[in-house]
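*Asks:* Next come a sequence and a model predicted from it.
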Amino acid sequence: MKSVDLHVHSNKSDGTYAPSDLVTLALSKGLAAFALTDHDTTEGIDEALAAAAAARAGGAEIEVIPGIEFSTEYEGKDIHIVGIDIDYKGAAFQTYLKDFQESRDNRNRKMCLKLAEHGVDITYEQLCTEFPGRVLTRAHYATFLLQHGYVKSMSEAFDRYVGDRAPCFLPREKVTPAQAVSLILQSGGIPILAHPILYHMSDARLEKLVVSLKEAGLVGIEAIYSTYNSAEERQIRNLAAKYDLCISGGSDFHGRTKPGLEMGNGYGKLFVPYEVLEKLREK
């Protein structure tokens, strides 16, 4: 049975593989398709599509699905909305991403100043030089701190400097989940609520979120995910069925920043049948 991975990151956001290398990896894993869903950017899609086209010209079978993962905020929580099959070159879509990038850049400059106030020798320009062409996330700050000897682990970097309750963290401007769903729909894409179990919401609060997003046009919910146990997957499948949503699934592959988590099969047991993609597209 053919399988897919509908949640994958490249080094254009906080992954460690180049988009073209993800195509090679996907072929080695026997995937029929994968969605490139970098955080708040579509910069890697052209490269991945070109690599997939070259692979198909050589007789391989692989599809790259243009996607994105939006960071949004809902009642004080960070909620992620994945969009797949998006028209990523659309003018309105790219205008939004440009505005979002400017807001993010301003926040990153302020975080660098905060880190400097706490004894870290860092500037925004230096951070950009060390991670060229990336959408900077807190994982990049943590990597910088680790590589420059300020901490001994990524977790320590978050605990001491850039975690939600750490002194150098600054929240950034975010859209609501419903706005992200609308933007994905406007781009012709399929909006999916990513890894809902990870938000640690009560059942009632999660259901309230799902209801509001269903009204906004949500199509799918990530029911197959690398860290879910069988009970958690069953819970999300039941929630999808209750509100007539398709299920989606993906590894959330980031490469070396998530050791042991592999593209296509997560921590070893993940399997997303191709029919999951087909049903999302039919819906």
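*Replies:* Received the coordinates, thanks. Numbers count the residues shown, from 1 in each chain.
*Asks:* for the closest residue to residue 272 other than its chain neighbours, helix, strand, or coil?
*Replies:* Using Cβ to Cβ, 6 or more residues apart in numbering and skipping residues adjacent in sequence, the residue nearest residue 272 is residue 249, 3.6 Å away. Where C-beta positions appear, they are placed from N, C-alpha and C, glycine not excepted. Assigned by DSSP: H, G, I helix; E, B strand; the rest coil, the conformation of residue 249 is strand.
*Asks:* so how far is residue 8 from residue 249?
*Replies:* 12 Å (Cβ to Cβ, to the nearest Å).
*Asks:* Those two: which has the busier surroundings?
*Replies:* residue 8 (31 against 27; other Cβ atoms under 10 Å).
*Asks:* rewinding a little: residue 118 versus the residue nearest to residue 272, what's the distance?
*Replies:* 40 Å.
*Asks:* all strands of the stretch 1-150 of the chain, in order?
*Replies:* Remark: strands assigned in the stretch 1-150 of the chain by DSSP state E, counting those that start in this stretch are 4-8, 33-36, 63-74, 77-84.
*Asks:* Relative to residue 212, which of the ones you listed is closest?
*Replies:* Among those, the nearest to residue 212 by Cβ to Cβ is strand 63-74 (8.4 Å).
*Asks:* can you give me the mean pLDDT across that closest one?
*Replies:* Average pLDDT, strand 63-74: 94.
*Asks:* who does it touch, helix- and strand-wise?
*Replies:* strand 4-8, strand 33-36, helix 45-57, strand 77-84, helix 177-186 (3 or more Cβ pairs under 8 Å, 6 or more residues apart in numbering; DSSP states H and E).
*Asks:* lowest average confidence, helix or strand, in this protein?
*Replies:* Ranked by mean pLDDT, DSSP states H and E, the weakest helix or strand in the chain is helix 91-117, scoring a mean of 87.
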